[in-house]
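[1] Compute the structure for the input listed below.
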Amino acid sequence: MKKLCCMFLLLLFVLVLPENGHAAAAGSNQIFLDGKEITAGQNVQVQNVNSTVMVPLRMIAENLGYKVDWDQKSQKVTIVQQGKTLQLIVNQKSASVDEKTVVLTTAPLLKDNTTLVPIRFISEQFGLDVSWDNSNKVVSLVTPVAVPDNGNGTGETPADTTKNLTQINGVSFNDNQLLITMQGSSQPKVSILKNPDRLVVDFPNATFSDVFGSGQMLDPNLNGKLDVVGYPDVSGVRYSLYSTSPYTVRFVVDLNYAKNYTVSVSEDSNKLVIVDLNAADSGETGTLPGNSGRKLVVLDAGHGAKDSGAVGTTGKYEKAFNLAVVLKAAALLKKEKNIDVVLTRSDDTFLELKERVAIANNLNADLFLSVHANSGSSSSASGTETYYQREASKAFAKVMHKYLVPATGLSDRGVRYGNFHVIRETKMPAVLLEVGYLSNKGDEALLFTEALQNRVAAAMVSAIKEYLGLK
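    Predicted structure coming up:
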């Protein structure tokens, strides 16, 4: 058991050494585990690369015996040991421990067809005692004494630094509001900076989740940006894992001039944070949409980014149609004095289904509406469908369908039961629209016209107003 505990600990420990600038000669560094030297068993030895001790992956596998998988095509290393999974990618500083994103000081690299990995990361995760003898260039690793149960039944070690981090799951910008979804207890800290004007939102004790990386742009160093178009106050939004000591995720709203703001945070553990630039006066707290006596509608444009949805007969993507309709419907709803509207996405980004649901549930929305286009195995399939899953949503589905079918002019395929996640897990009346079939040449051509999209958007608004008793 002692050996098993150590073997996964060795992989990524980044040991900071005196500045060398370049890789030291092969064999100039040695590693001892519990007093016994570990050798690479191949030509490439332990090395010092830019003041970081790097070890061949094969050394870890052959000396410690845990399961290691190497994917040549993606250059990804996957290590599984004692129920814990770690993944690294050559030349990328971001790594994953049990699906939580963490950052390495030095990225893994390939040298002479050998994968070299830094060591410190595993030590920090599992509490391995490490010392460095600079005179003799020796790394000493000592297996820690087993940590007794800490009283909460987990036996968790103090060095497991990422276990309790808040996970930042998604970001979007719409209606002059920055919307961030996350899971955890981190409270945002907001500050205004000058020259140039910008709004900084920090989340302490937080990191990006794997969900975030799959939906938004995130480079190997965990930096990214959100393009903002059509808002004169804002030129863009940037984000990064700003620090790992302590872990902090930072969002920067680049302003074209000074702006007031408010910050609203939902109370659920799956939090929704809204930084609103429409405020008359700046303050640390604001009112979440729907809390001002107005009805709240959440509009969901299905799919997005890497998930194109259905592909039409001429190659058009469902995700583009869904977003176009939702943006048009949102513009109409914003003219209604008794309705607030929130979009799950306002551009070509990706959100997991559970994130879409979380936005609506955390805001206690009055209605949820997801827009899609269908596809069938036969090119002759055509028409419009409206789906519900819970009985509480059936009445809303009937009202919506009544307006939707005339707007499309397509055949009426009825109000139907569908066990779709976004209308099953939401707590409010929720429906999913399949406006037409992209696998049908005629339907596809119609769906991508401005006239059809405008009619569908207007129909959605009419149905929402009737169901809410606002007509």
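[2] so where is the stretch 351-471 of the chain shaky, pLDDT-wise?
    In the prediction, the stretch 351-471 of the chain carries no residues with pLDDT under 70.
[3] if you set the cut-off to 80 instead, what comes out?
    Applying pLDDT under 80 to the stretch 351-471 of the chain flags the ranges 471.
[4] Show me where it has its strands.
    367-374, 384-388, 412-417, 430-437 (DSSP state E, counting those that start in this stretch).
[5] again, but for the stretch 151-300 of the chain
    Using DSSP E, counting those that start in this stretch, strands in the stretch 151-300 of the chain cover 166-174, 177-183, 189-193, 198-204, 206-208, 223-227, 234-244, 247-255, 262-265, 270-276, 295-301.
[6] among the strands of the stretch 351-471 of the chain, which is the most enclosed?
    Here the criterion is mean neighbour count by mean count of other Cβ atoms under 10 Å, and of these the winner is strand 430-437, at a mean of 28. For glycine as for every other residue, the C-beta is placed from the backbone atoms N, C-alpha and C.
[7] what's that one packed up against?
    Here strand 430-437 touches strand 367-374, strand 384-388, helix 391-408, helix 421-424, helix 441-447, going by 3 or more Cβ pairs under 8 Å, 6 or more residues apart in numbering; DSSP states H and E.
[8] Neighbouring strands - and their directions - for it?
    Using DSSP bridges, the strands paired with strand 430-437 in its sheet are strand 367-374 (parallel), strand 384-388 (antiparallel).
[9] Any stretches of the stretch 51-200 of the chain with poor pLDDT?
    For the stretch 51-200 of the chain, applying pLDDT under 80 flags the ranges 51-68, 70, 79-84, 86, 93-95, 97-106, 111-114, 116-163.
[10] returning to that earlier point: dump the strands of the stretch 151-300 of the chain to TSV, plus mean neighbour count and distance to Glu37.
    Converted to TSV, these look like this (neighbours: other Cβ atoms under 10 Å; distance: least, Cβ to Cβ, whole Å):
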stretch	mean neighbour count	distance to Glu37
strand 166-174	23	40
strand 177-183	24	44
strand 189-193	13	47
strand 198-204	20	41
strand 206-208	25	35
strand 223-227	16	39
strand 234-244	18	31
strand 247-255	21	34
strand 262-265	20	53
strand 270-276	22	49
strand 295-301	26	58
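[11] can you redo these as JSON lines with distance to Val68?
    Formatted as JSON lines, these follow (distance: least, Cβ to Cβ, whole Å):
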{"stretch": "strand 166-174", "distance to Val68": "26"}
{"stretch": "strand 177-183", "distance to Val68": "30"}
{"stretch": "strand 189-193", "distance to Val68": "40"}
{"stretch": "strand 198-204", "distance to Val68": "33"}
{"stretch": "strand 206-208", "distance to Val68": "24"}
{"stretch": "strand 223-227", "distance to Val68": "29"}
{"stretch": "strand 234-244", "distance to Val68": "25"}
{"stretch": "strand 247-255", "distance to Val68": "27"}
{"stretch": "strand 262-265", "distance to Val68": "42"}
{"stretch": "strand 270-276", "distance to Val68": "34"}
{"stretch": "strand 295-301", "distance to Val68": "41"}
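[12] List just the one of those strands that sits closest to Ala392.
    strand 295-301 (15.7 Å; Cβ to Cβ).
[13] what packs against that closest one?
    Helices and strands touching strand 295-301, as assessed by 3+ Cβ pairs under 8 Å, 6+ apart, comprise helix 318-333, strand 339-343, helix 353-362, strand 367-374.
[14] ok so, going back, can you put the strands paired with strand 430-437 in a markdown table and add distance to Gly170?
    Shown next, in a markdown table, are those (distance: least, Cβ to Cβ, whole Å):
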| stretch | distance to Gly170 |
| --- | --- |
| strand 367-374 | 16 |
| strand 384-388 | 24 |
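[15] Can you tell me which of those strands is nearest to Ala301?
    Going by Cβ to Cβ, the one of the strands paired with strand 430-437 nearest Ala301 is strand 367-374, 5.8 Å.
[16] Asn270 pairs with what?
    Beta bridges link Asn270 to Gln183, judged by DSSP bridges.
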